[in-house]
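Peer 1: Make a model of this:
(one chain, ligands or ions: 1)
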Amino acid sequence: MKVIDISMTLSPGMEMYPGEPGPVITRMSKLESGDLYNVSQLTLGTHTGTHVDPPLHCIEGGAGIDDMPMDMLVGPARVVDLSHIRKDVEPHDIGNVEPGEIVLLKGKKGGVRLTTASAQYLMDKGIKTVGTDALSIGASGEEYEVHTVLLGADIAVIEGLVLSAVEAGQYLFVCLPLKVAAVDGGPARAILIEQ
Ligand SMILES: [Zn+2]
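Peer 2: Numbering: from 1, shown residues only. As a prediction, the model looks like this:
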């Protein structure tokens, strides 16, 4: 069994979506100052690094991260290699997907960003979850539409995956966002298990 970590490392100065507050790590108690323990405070935006978008991200009254069924974030998954696509991804680029699937999209540098037509295609196909290696899943100018189509259809959206070293194929996927009450995004650790 091989475990592949597909999470971004949280650190000050990491790549962020424009406008998103990055992580700040402040040492509150220090061994070097004579304290008995090292303890830090971590602050970060809810959409920092690898993270899950629950419906509440775009839909008022939608489920928050703590209300998402965990079976949406754990299970057999298919990695689709779209790194040869140089532009925003269209339905024919994705190819066939199955109802109930977890689909992880690997792209060129900057990651896979979907057109609204692609989001509608994934909704029509009835997939369970879509993940991307981009920090936002929507094509530029279509971010809101793409999010509302996917989240409105109760498809889990995971952004900021690290798939550059992962080959296309079938894996077991595990993504565990922090369980924070009624919040609109969940920084997460995500792994693939090769069986
Ligand atoms: Zn997000």
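Peer 1: For the nearest residue to residue 100 once chain neighbours are set aside, give me its contacts.
Peer 2: Once its chain neighbours are removed from consideration, residue 100 has its nearest residue in residue 128; the separation is 5.2 Å (C-beta to C-beta, 6 or more residues apart in numbering). For the C-beta atoms, the positions are set from N, CA and C on the backbone; glycine is no exception. By C-beta atoms under 8 Å, 6 or more residues apart in numbering, the contact list for residue 128 reads 72, 75, 100, 101, 102, 155, 156.
Peer 1: Work out for me the element residue 165 sits within.
Peer 2: Using DSSP states H and E, residue 165 sits within no helix or strand.
Peer 1: How about the backbone phi and psi for it?
Peer 2: In terms of degrees, to the nearest 10, the main-chain angles of residue 165 are phi -100, psi 10.
Peer 1: Check what pLDDT it gets.
Peer 2: In the prediction, the pLDDT value recorded for residue 165 is 96.
Peer 1: Just give the number of residues close to the nearest residue to it once chain neighbours are set aside.
Peer 2: Nearest non-adjacent residue to residue 165, counting by C-beta to C-beta, 6+ apart: residue 4, 7.5 Å away. When neighbours are counted by other C-beta atoms under 10 Å, residue 4 registers 16.
Peer 1: how about residue 4, secondary structure?
Peer 2: Recorded secondary structure, residue 4: strand (DSSP: H, G, I helix; E, B strand; the rest coil).
Peer 1: That one bridge partners, please.
Peer 2: The residues listed as beta-bridge partners of residue 4 by DSSP bridges are residue 192.
Peer 1: Please enumerate the helices of this protein.
Peer 2: 91-94, 116-125, 143-152 (DSSP state H).
Peer 1: quick one: average pLDDT of the first one?
Peer 2: The predicted model assigns helix 91-94 a mean pLDDT of 97.
Peer 1: Of all the residues in that helix, which ones are buried?
Peer 2: Using 16 or more other C-beta atoms under 10 Å as the test for burial, helix 91-94 gives 91, 93, 94.
Peer 1: Repeat that for the last one.
Peer 2: Neighbour-count burial for helix 143-152, counted by 16+ other C-beta under 10 Å, picks out 143, 145, 146, 147, 148, 149, 150, 151.
Peer 1: Identify all contacting residues around that helix.
Peer 2: By C-beta under 8 Å, 6+ apart, the list of residues contacting helix 143-152 from outside reads 53-55, 57-59, 62, 114-116, 118-120, 122-123, 130, 136-139, 157.
Peer 1: Please pick the buried ones from those.
Peer 2: Taking 16+ other C-beta under 10 Å as the criterion, what is buried in those is 53-55, 57-58, 114-116, 118-120, 122-123, 130, 136-139, 157.
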